[in-house]
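Enquirer: Sequence below, structure please.
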Amino acid sequence: MNDLESEWEQMTPHWIKEMREGRNATREIQLDPPILDLCGDVTDKDVVDLGCGEGRFSRKLGAQGATVLGLDRSRTMIEAAMSIAGPAEEYRVADVQNLSFLEDASFDLAISYLNQCDLPDFAANTKEVFRILKPGGVFVIANLHPMRSATGLWCKDESGKKLHVTVDNYLESEKRHWKIMGVTITNFHRSLETYVMAYLDAGFKLERIEEPSVSNEALEQYPELDDEQRVPNFILFKLRR
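Expert: Residues are numbered from 1 along each chain as shown. Okay, here's the model as predicted:
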């Protein structure tokens, strides 16, 4: 087991508990609606969920009529997903940087929900997704926003008030480390240019970019999302094969 896998295995029990019992406003309120909108009508679509974790988003897609294959490198995550899988869901342990076990042009839709930022070789994943998508198929990607993954730190005054987000070493594609649920996790920072050019070089057409925020109404109910009206934490891409 390499260091990246070890980090995620440490976090897996906390992650499963949070996804199934916690109040994850970032995903449920800020990210799920625009991602589902980019996916469009998934009824009777063959979908692959890359880095599916314990299956939360795969279950959403299955409930909306899709046939879903969820892939994740963590066996513990896949076993958790399988334990409550619906009839339209299948799960498999796999490294999404190498999808050679999947046939060419076999999926209508691919989802990468905050997964490419965890991959050492996101470009390999992108090329593989292009291969397994049917002509006209869609690849929806949610990433950490490059502006935030550069440092992600707030500059504060003496009282602790947030003044602005700091951005530094933006052009250097390299590892960044964050503490999530008490575990230090490695992500990979890349510039916007690095991401977009890899998508275009793989053969995709870029149809849409979104930087999701939150409404004032949502903020009243979920005040922990207050940063999201100041600077984007995430960026979404809709690519077409």
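Enquirer: helix, strand or coil for the residue of the chain most remote from its centre?
Expert: Going by CA atoms, centre = their mean, the residue of the chain most distant from its centre is Glu158, 34.9 Å out. At Glu158 the chain is in coil, as set by DSSP: H, G, I helix; E, B strand; the rest coil.
Enquirer: Quick one: list the elements packing against the biggest strand by length in the chain.
Expert: Ranked by residue count, the top strand of the chain under DSSP state E comes out as strand 133-144. When contacts are defined as 3 or more CB pairs under 8 Å, 6 or more residues apart in numbering; DSSP states H and E, strand 133-144 packs onto helix 32-39, strand 107-113, helix 122-132, strand 234-240. (C-beta placed from N, C-alpha, C; glycine too.)
Enquirer: Next, the buried residues of the third one.
Expert: Read it as helix 122-132. For helix 122-132, burial by neighbour count (16 or more other CB atoms under 10 Å) applies to 122-132.
Enquirer: Equivalent analysis for the first one, please.
Expert: Neighbour counts using 16+ other CB under 10 Å place 32, 34-36, 38-39 of helix 32-39 among the buried residues.
Enquirer: Then stretch 58-71?
Expert: Quick answer for stretch 58-71 (16+ other CB under 10 Å): 58-62, 64, 66-71.
Enquirer: Helices of the chain, residue ranges please.
Expert: 3-21, 25, 32-39, 56-63, 75-83, 122-132, 146-149, 192-202, 216-221 (DSSP state H).
Enquirer: how distant is the shortest one from the center of its chain?
Expert: Helix 25 has its average C-alpha position 15 Å from the chain's average C-alpha position, going by CA atoms, centre = their mean, to the nearest Å.
Enquirer: correct me, but Val167 touches Ala150?
Expert: Yes. In this structure, Val167 is within contact of Ala150 by CB atoms under 8 Å, at 4.9 Å.
Enquirer: who's more crowded, these two?
Expert: Ala150 (21 against 15; other CB atoms under 10 Å).
Enquirer: What score does that one have for pLDDT?
Expert: At Ala150, the predicted lDDT confidence score is 84.
Enquirer: Nearest to Ser191, out of the buried residues of helix 122-132: which one, please.
Expert: Phe122 (12.4 Å; CB to CB).
Enquirer: Quick one: residues contacting that closest one.
Expert: 116, 188, 190, 195, 198 (CB atoms under 8 Å, 6 or more residues apart in numbering).
Enquirer: ok, 6 Å please
Expert: Gln116 (CB atoms under 6 Å, 6 or more residues apart in numbering).
Enquirer: Turn the buried residues of helix 122-132 into TSV, including distance to Trp15 and pLDDT.
Expert: TSV is the format used below for the buried residues of helix 122-132 (distance: CB to CB, whole Å; pLDDT from 0 to 100):
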residue	distance to Trp15	pLDDT
Phe122	21	97
Ala123	26	97
Ala124	24	98
Asn125	21	98
Thr126	25	98
Lys127	28	98
Glu128	25	98
Val129	24	98
Phe130	29	98
Arg131	29	98
Ile132	26	98
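Enquirer: Fine, thanks again, bye for now.
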